[in-house]
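Novice: Structure for this input, please:
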Amino acid sequence: MSPASIAEDLTRAGHALDAAGLVTAFGHVSARISDEELLITPPWPLGALAGGEFPQLSICAGELPDDAPREAWMHTAIAAVRPDVGAICRAQPPTVAATATLGIPLVPLHGQGSLLGPIVPIFHNSRLIREPGIARELAAALGSATALVLRGNGAITVGATLPEAVARMWILEETAKLTLAVAAHGPVRPLPAEEQAAWAATGSELLNRIWHHLTAASR
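Specialist: Got it, this is the predicted structure:
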């Protein structure tokens, strides 16, 4: 895809995240345009994106462009150690924040939750990710996972494609809603591992369907 096409998809992603209530004034999304570069949304509310110029990030650069979000370090740190990641979504899902505050782990309670892996790791440092060192710590906390809860500071989801990263953020919030509902009445028990694996095998198909649902709802 050309950078212009990727920019269009980043705009659609921003509008979809806003319409789904996953971002407010803060959040950003990036996608690879080459092995060494990312295109990222500007430091502006995602629901207000209207095209235009999107900052380019060099994954190995020691400085950020002036027009990039100050937390763009998290995107470059993840991309540097995860060549399988083609897109990164950083949002503020409200129910996810509640589960992190309560110390309730997010595990697959329904089939779609299996597309996040057996348990979502938590990054326990709530500071803004505005320098390379803490960004590298965040990338290490994510490891090989597809989602990471930032205690007191939102969440990150990743994917091979932009639709996958955005869809996983929606699933993360839905999982958190279900988790709080279950925890109010009894223990939180994940699906059996073999059932999780069966759902995970359908990941690409289901994630793309969720992307189409979210982008249609934002029009």
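
Novice: how deep is the residue nearest to Thr24 when sequence neighbours are not counted tucked in, by neighbour count?
Specialist: In space, Thr24 comes closest to Gln92 once its chain neighbours are excluded; the distance is 6.1 Å by Cβ to Cβ, 6 or more residues apart in numbering. In this view, the C-beta of every residue, glycine as well, is placed from N, C-alpha and C. By the measure other Cβ atoms under 10 Å, the count of residues near Gln92 is 20.

Novice: Kindly state the pLDDT recorded for Gln92?
Specialist: Note for Gln92: predicted pLDDT of 97.

Novice: just Ala4 next, same as before
Specialist: At Ala4, pLDDT is 87.

Novice: Ramachandran coordinates for it?
Specialist: With angles defined as degrees, to the nearest 10, Ala4 sits at phi -70, psi -40.

Novice: Next: Trp73.
Specialist: phi -60, psi -30.

Novice: Against Ala201, how distant is it?
Specialist: Applying Cβ to Cβ, to the nearest Å, the value for Trp73 to Ala201 is 34 Å.

Novice: I'd say Ala7 and Leu39 touch.
Specialist: Yes - using Cβ atoms under 8 Å, Ala7 is in contact with Leu39, at 6.3 Å.

Novice: In this structure, spot the strand with the most residues.
Specialist: As assigned by DSSP state E, the longest strand anywhere in the chain is strand 28-34.

Novice: three-state assignment of the residue nearest the centre of the chain?
Specialist: The C-alpha lying nearest the average C-alpha coordinate of the chain belongs to Thr157 (Cα atoms, centre = their mean; 2.4 Å). Recorded secondary structure, Thr157: strand (DSSP: H, G, I helix; E, B strand; the rest coil).

Novice: mind checking which helix or strand the closest residue to it other than its chain neighbours is in?
Specialist: Sequence neighbours aside, Arg168 is the residue nearest to Thr157 in space, at 3.8 Å (criterion: Cβ to Cβ, 6+ apart). Under the criterion of DSSP states H and E, Arg168 resides in helix 162-183.
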